[in-house]
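> Whatever this is, show me its structure:
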Amino acid sequence: MTRPPLRHRIITNALLAVAALYFLVPVYWLTVSATKNSADLFGTFGLWFSRHPHPLRYLTEVLTHDHGVYARWFANSLLYAGIGAVCATLLSAAAGYALAKFPFRGRETIFNVVLAGVLIPGTALALPLYFLSSAMGLANTYWAVLVPSTVSPFGVYLCRIYAAAAVPDALLEAARIDGAGEARIFGGLGLRLMTPALVTVFLFQFVHIWNNYFLPLVMLSDSDLYPVQLGLTSWTGYADRQPVLYQYTVGGALLSVLPLMVLMTVLQRYWRTGLTEGSVKT
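Presented below is the predicted three-dimensional model:
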């Protein structure tokens, strides 16, 4: 195998370095800014620490401000994103597996409707979802955010494509011959073989729900139900009258990034392909 020319490697590495800087510099700025008080936040160089950084003290103030409301927002986000992502992953896996492995009338029509759902932006559905939730008495409750979060058209699409490629029909037929029921086949074989797709759906949905701002803004009026993104925005609205909230908003933004970083680090080892390679003897 021949190596690419040196100039191509230099250009590629340079482009990757620029991309890395593009993504890492904001995180670096956020980390540095979380060590500053409100005065240093606006009076010192943004990409370097102040003379007296106190990150632990300032982050503690974020968590204890207003009787610990940030901790409640953080817990709400974990609730919305955790339960929503798990339910969306399981529903997407079941729907995608059924669309891939069970022939029935109207299957392609249903799949095309799912594809149409991928193309519709979430902001276009927020207002109809609010009217529906209000009519059902779910507005301004946890359910108003949780129920829409359990649906992922992209997850159904991805699971259908992956199940068609990674779950061999011969393996399913062998399980049926051995007397296994469809539920056992799906739980014991389908979910295991679809693990990379399920991890992908879970990560995408978790990040989507965690960063979702518009849906909670429309659905919730009680600040105790706010997720962290909506809560931080409410702080910035009062920052002109309470400048210390600028500092708390920056510290809260840093804390809100940590679960996503941990999740990506923990789950990336499951991002593998070819799990079924060699499982069927041809």
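
> Please, which helix or strand holds the nearest residue to Gly96 once chain neighbours are set aside?
Nearest residue to Gly96, sequence neighbours excluded (CB to CB, 6 or more residues apart in numbering): Cys159, at 2.6 Å. For glycine as for every other residue, the C-beta is placed from the backbone atoms N, C-alpha and C. For Cys159, the host element (DSSP states H and E) is helix 153-166.

> just Leu127 next, same as before
Applying DSSP H and E, one finds Leu127 within helix 122-135.

> buried residues in that helix?
Leu125, Ala126, Leu129, Tyr130, Ser133 (16 or more other CB atoms under 10 Å).

> Tabulate these in JSON lines, adding columns for pLDDT and distance to His52.
Formatted as JSON lines, the buried residues of helix 122-135 follow (pLDDT from 0 to 100; distance: CB to CB, whole Å):
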{"residue": "Leu125", "pLDDT": "87", "distance to His52": "48"}
{"residue": "Ala126", "pLDDT": "86", "distance to His52": "44"}
{"residue": "Leu129", "pLDDT": "92", "distance to His52": "48"}
{"residue": "Tyr130", "pLDDT": "93", "distance to His52": "47"}
{"residue": "Ser133", "pLDDT": "93", "distance to His52": "48"}
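
> Just the closest of those to Asn211, please.
Ranked by distance to Asn211 (CB to CB), the buried residues of helix 122-135 are led by Ala126 at 14.6 Å.

> list the contacts for that closest one?
Phe214, Leu215, Val218, Met219 (CB atoms under 8 Å, 6 or more residues apart in numbering).

> list the contacts for the third one?
If I follow you right, that is Val218. Ala126, Leu127, Leu129, Tyr130.

> any idea which helix or strand carries it?
helix 214-219.

> Let's see that helix as CSV, backbone CA atoms only.
Extracted C-alpha coordinates of helix 214-219, given in CSV (Å, rounded to 0.1, in the frame of the first residue of the first chain):
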residue,chain,number,x,y,z
PHE,A,214,-37.6,26.0,21.8
LEU,A,215,-39.8,23.1,22.8
PRO,A,216,-39.4,23.7,26.6
LEU,A,217,-39.8,27.5,26.0
VAL,A,218,-43.2,26.9,24.4
MET,A,219,-44.4,24.1,26.8
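
> Which neighbouring elements make contact with the host helix or strand of Asn76?
If you go by DSSP H and E, Asn76 is part of helix 69-101. Secondary-structure packing of helix 69-101 (3 or more CB pairs under 8 Å, 6 or more residues apart in numbering; DSSP states H and E): helix 55-64, helix 107-119, helix 142-149, helix 153-166, helix 195-211, helix 228-238, helix 244-267.

> how about these in a markdown table, adding distance to Ala175, mean pLDDT and mean neighbour count?
Formatted as a markdown table, the helices and strands packed on helix 69-101 follow (distance: least, CB to CB, whole Å; pLDDT from 0 to 100; neighbours: other CB atoms under 10 Å):
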| stretch | distance to Ala175 | mean pLDDT | mean neighbour count |
| --- | --- | --- | --- |
| helix 55-64 | 50 | 90 | 15 |
| helix 107-119 | 22 | 90 | 13 |
| helix 142-149 | 33 | 95 | 20 |
| helix 153-166 | 15 | 92 | 21 |
| helix 195-211 | 17 | 93 | 20 |
| helix 228-238 | 44 | 93 | 18 |
| helix 244-267 | 28 | 91 | 17 |
